[in-house]
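[1] prediction below, plus the sequence it came from.
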Amino acid sequence: MRSESNRRRGRRRRTRRTLYLRATAVVLNPDSDVLLVQYNGQDDWALPGGNIEEGEDSDERVVTEVEEETGVNIGDLLLHVGRYAGTMAVHEVYMAPGSGELRPTHRAIQDAIWWDGVQPLQVQPHVNAILEMIDSIEVQDSDVHVDVQDTNLPIEETGDSLWQTESVPILEPQAAPPVYEPQASPEEQTLSSNTDRSPTWALILATVWAWTVVVASWLADRLIDVMLITRSNERRIRPTKRVTWRKGLKQELMKRQDKTCVYCGYRRIARSLDIDHMIPVVDGGSNDPSNLQVICRPCNQRKGSQTDAEFRERYSRLVPATPLTSPNRRISQAEFREETRRTSQSTRVRERRRTRYISPREKIVSGCLIAGVVVTVLVAYGLSLLGAEGLLMAIPALVVGGAVGLGLWLRADVTGATLEDEG
Ligand SMILES: [Zn+2]
């Protein structure tokens, strides 16, 4: 008894844990042998019984379990003797007389025996505790006589048995908390844990994430545009008056230049060539043919509001400095683009006013791209925590996130170049 109370004191600080509600039977045969069962893969023996589901009657449960686990029918004489709280389960303890040949049919049971209580046997902690508990109860007006005294049983020191018949009131099983199946076979456990991981909401997460990226990218892009336009200087936003050219002027200029763009050196048809002011009107350039030239549309876009001299200086590595002379060789737009990118990063160009229209966009877009990749990886990781299905669903999120990021990057390149050169 002292060892019991010591044990109780020592375990006072145990953390809470989930308890299962079990219907447990002490079945005694006419020789007062106790019915014990051995669960699959276990060395020690236990009292027969089973977990009680919510809304299930524990007495019906125990009758069914005993029959399935041992083949013994205890239907008629069943006595509820109390409740025992172990560390893993709270047992609703029943007693019943029983006899007969043991034929375990339950798949969780590997063996069943009648135990005389004398033969040394390795039993689970609850067996000794429950037998002691029954021994301490005075059974009156009952046909069932309990005699399991003088049980020199090997006490399981590692066991967690704990008497609680005094502190735990005997309640109706219906009032018990929800009960789970702790001793389900490994097969059942795997199945039930898989159904908890629903791939559906992983798919929803991935979809929501993908659309968030798309919308956020679009908003960021619009915001950058607005910011850049607001910061544009007066010259950039001042509308240019449309000029009506006199008839034959374009043909004149084309003939003068041999239908060749003065910057890239490509020959073009009339429709692909624009009349361009070498010095823009907003900078005081005139409409006199001496200030006019024809250039191809991509070059025109690239030149934008720059003067002829500014453009040639900017692209001095490609275009000769002298106006109105064709370059020695033809220059592709790809080369121009590359030069735009290179010069926008040089110190000299950065000092010029136009470069600040590129840099913020590039910075912001790069930031968006990096943030997008980081968030994508985080989301993918989060989804992977949901299991294999989640990881599978993370792949579309990664693909969409990557595609949007790439699109943003490419658009930044194009828009950046266009913005810089537009008038
Ligand atoms: Zn050109």
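    Looks like it came in fine. Numbers count the residues shown, from 1 in each chain.
[2] what does the stretch 251-400 of the chain have sitting close to the ion?
    C261, Y263, C264, C296, C299 (CB under 5 Å from the ion). (C-beta placed from N, C-alpha, C; glycine too.)
[3] could you give the mean pLDDT of stretch 75-87?
    Mean per-residue pLDDT for stretch 75-87: 82.
[4] pull up the distance across that stretch, start to finish.
    End-to-end distance for stretch 75-87: 29 Å, by CA to CA, to the nearest Å.
[5] go on, stretch 103-122?
    Per CA to CA, the first residue of stretch 103-122 is 21 Å away from its last.
[6] I'd say I113 and L36 touch.
    Yes: with contacts counted by CB atoms under 8 Å, I113 reaches L36, the gap being 5.5 Å.
[7] among the two, which residue is more densely surrounded?
    Between I113 and L36, L36 has the larger neighbour count (other CB atoms under 10 Å), namely 23 against 16.
[8] that one should be in a strand, yeah?
    Yes: assessed by DSSP: H, G, I helix; E, B strand; the rest coil, L36 belongs to a strand.
[9] who's in contact with the closest residue in space to it that isn't next to it in sequence?
    Nearest non-adjacent residue to L36, counting by CB to CB, 6 or more residues apart in numbering: W45, 4.1 Å away. The contact partners of W45, by CB atoms under 8 Å, 6 or more residues apart in numbering, come to L36, V37, Q38, I113, W115, L121, Q122, V123, Q124, V127.
[10] which PyMOL command selects the buried ones in the residues you listed?
    To isolate the buried subset of those in PyMOL, counting by 16 or more other CB atoms under 10 Å, use the following:
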select buried, resi 36+37+38+113+115+123+124+127
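[11] please enumerate the strands of the stretch 201-350 of the chain.
    In the stretch 201-350 of the chain, the strands defined using DSSP state E, counting those that start in this stretch lie at 273-277, 292-296.
[12] for the last one, packing partners?
    In terms of contact count using 3 or more CB pairs under 8 Å, 6 or more residues apart in numbering; DSSP states H and E, strand 292-296 is assigned the packing partners helix 249-256, strand 273-277.
[13] adding mean pLDDT, distance to A220 and mean neighbour count, write those out as CSV.
    Listed next are the helices and strands packed on strand 292-296 as CSV, based on pLDDT from 0 to 100; distance: least, CB to CB, whole Å; neighbours: other CB atoms under 10 Å:
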stretch, mean pLDDT, distance to A220, mean neighbour count
helix 249-256, 93, 41, 15
strand 273-277, 93, 33, 20
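[14] so which of these comes closest to D59?
    Minimum separation from D59 across these (CB to CB) falls at strand 273-277, 96.2 Å.
[15] as TSV, the helices and strands packed on strand 292-296 with distance to T105 would be great.
    Shown next, in TSV, are these (distance: least, CB to CB, whole Å):
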stretch	distance to T105
helix 249-256	100
strand 273-277	93
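[16] can you list the domain ranges for this structure.
    2-191, 238-353 (automatic domain parsing).
[17] can you check the distance spanned by stretch 75-84, start to finish?
    22 Å.
[18] skipping its backbone neighbours, what lies nearest D59 in space?
    Using CB to CB, 6+ apart, the nearest residue to D59 is L78, at 5.7 Å.
[19] can you flag the weakest of the domains of the chain by average pLDDT?
    domain 2-191 (a mean of 71).
[20] list the helices and strands the helix or strand in which T24 is found packs on?
    Assessed by DSSP states H and E, T24 sits inside strand 20-28. For strand 20-28, the packing partners by 3+ CB pairs under 8 Å, 6+ apart come out as strand 34-39, strand 49-51, helix 58-70, strand 89-97, helix 125-136.
[21] now the third one: buried residues?
    By neighbour count, with 16+ other CB under 10 Å as the criterion, the buried positions of helix 58-70 are S58, D59, R61, V62, V63, E65, V66, E67, E68, E69, T70.
[22] got the residues you listed as a markdown table, with distance to V215 columns?
    Formatted as a markdown table, the buried residues of helix 58-70 follow (distance: CB to CB, whole Å):
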| residue | distance to V215 |
| --- | --- |
| S58 | 56 |
| D59 | 60 |
| R61 | 55 |
| V62 | 60 |
| V63 | 62 |
| E65 | 57 |
| V66 | 63 |
| E67 | 63 |
| E68 | 58 |
| E69 | 60 |
| T70 | 65 |
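[23] please list which of those are also close to the ion.
    Answer for the buried residues of helix 58-70 near the ion: none qualify (CB under 5 Å from the ion).
[24] between these, which sits nearest G382?
    The nearest one, if we look at the buried residues of helix 58-70 relative to G382 and count by CB to CB, is R61, at 40.9 Å.
[25] surely that closest one and P48 touch.
    No: look at R61 against P48 with CB under 8 Å: they stay out of range, at 11.1 Å.
[26] circling back to that earlier point, buried among the residues of the stretch 251-400 of the chain next to the ion? Need that as a selection in PyMOL.
    One line in PyMOL is enough to select the buried members of these, burial here meaning 16+ other CB under 10 Å:
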select buried, resi 261+263+264+296+299
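[27] and the furthest pair within the residues of the stretch 251-400 of the chain next to the ion?
    Y263 and C296 (7.7 Å).
[28] follow-up on the earlier one: of all the strands of the stretch 201-350 of the chain, which one is nearest T244?
    Among the strands of the stretch 201-350 of the chain, the nearest to T244 by CB to CB is strand 273-277 (11.0 Å).
[29] who does that closest one pair up with?
    strand 292-296 (antiparallel) (DSSP bridges).
[30] ends of stretch 287-299, how far apart?
    20 Å.
[31] buried sites along it?
    Neighbour-count burial for stretch 287-299 [16+ other CB under 10 Å]: N291, L292, Q293, V294, I295, C296, P298, C299.
[32] so who does the second one touch?
    It refers to L292. L292 touches L249, L253, I275, D276, H277, M278, counting by CB under 8 Å, 6+ apart.
[33] the fifth one against N291, yeah?
    Translated: H277. Yes: under the criterion of CB under 8 Å, H277 makes contact with N291 at 5.7 Å.
[34] what's the overlap in contacts for those two?
    Jointly contacting H277 and N291 under the rule CB under 8 Å, 6+ apart are G285.
[35] quick check: T260 touching R267?
    Yes: judged on CB under 8 Å, T260 makes contact with R267 at a distance of 5.1 Å.
[36] between the two, which one's more packed in?
    More crowded of T260 and R267, by other CB under 10 Å: T260, with 20 against 15.
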